[in-house]
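1. Pasting a predicted model and its sequence here:
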Amino acid sequence: MNCYDCTVASTTSAAVAVCMECGRGVCMDHASVIKVPAFYEVSAGMAPVRRRCRLDRRRVHCGECQAAVDCCDSTGG
Ligand SMILES: [Zn+2]
Ligand SMILES: [Zn+2]
């Protein structure tokens with residue numbers, strides 16, 4: 001699979017990842033890697049304790065989906 005954004009720009013690059021939102025293939029130049037913190041719950045008899053996993057999960061957005069996140073997330077629309 002080739003990078004969608006590169007193909008639109010009339011160049012060709014091999015895709016190294018797939019956008020989690022729209023499923024486009026993206027090359028390293030067009031991929032926005034976001035780290036998603038992972039949590040897990042430990043039940044110690046009392047109320048469960050929420051612990052943060054040390055391993056962040058990496059997710060990839062294409063340029064367009066990342067721009068949409070930057071555009072709307074903080075303003076609520
Ligand atoms: Zn690209
Ligand atoms: Zn996308």
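-> Noted; the coordinates are in hand. Ligands and ions are numbered 1, 2, ... in the order given.
2. near ligand 2, which residues of this structure show up?
-> Within the chain, the residues that sit near ligand 2 (C-beta under 5 Å from the ion) are 19, 21, 22, 62, 65. The way it works is simple: take the backbone N, C-alpha and C, and place the C-beta from them, glycine included.
3. These in helices, which ones?
-> Counted as lying in helices by DSSP state H, out of the residues of the chain next to ligand 2, are residue 65.
4. Most neighbours among the residues of the chain next to ligand 2, which one is it?
-> residue 62 (26 neighbours; other C-beta atoms under 10 Å).
5. Mind picking out the helix or strand in this structure with the poorest mean pLDDT?
-> Averaged element by element with mean pLDDT, DSSP states H and E, the chain has its least confident helix or strand at helix 63-72 (a mean of 82).
6. Report whether that one contacts ligand 1.
-> No: applying C-beta under 5 Å from the ion, one finds helix 63-72 out of contact with ligand 1, separated by at least 8.2 Å.
7. Which strands and helices lie in contact with that helix?
-> strand 32-36 (3 or more C-beta pairs under 8 Å, 6 or more residues apart in numbering; DSSP states H and E).
8. Could you list the paired strands of the very next helix or strand once past the strand it packs on along with their orientation?
-> Next helix or strand after strand 32-36 toward the C-terminus (DSSP states H and E): strand 39-42. Here strand 39-42 is paired, per DSSP bridges, with strand 49-52 (antiparallel).
9. per-residue confidence at the spatially closest residue to residue 64 that is not a sequence neighbour?
-> Closest residue to residue 64 apart from its sequence neighbours, by C-beta to C-beta, 6 or more residues apart in numbering: residue 22 at 7.3 Å. At residue 22, the predicted lDDT confidence score is 95.
10. tell me which parts of the chain are close to ligand 1?
-> The chain comes close to ligand 1 at residues 3, 5, 6, 13, 27, 29, 30, as judged by C-beta under 5 Å from the ion.
11. give the contact list for the second one.
-> So the one you mean is residue 5. By C-beta atoms under 8 Å, 6 or more residues apart in numbering, the residues touching residue 5 are 24, 26, 27, 30, 62, 63, 64.
12. Before I go, just wanted to say thanks for your time.
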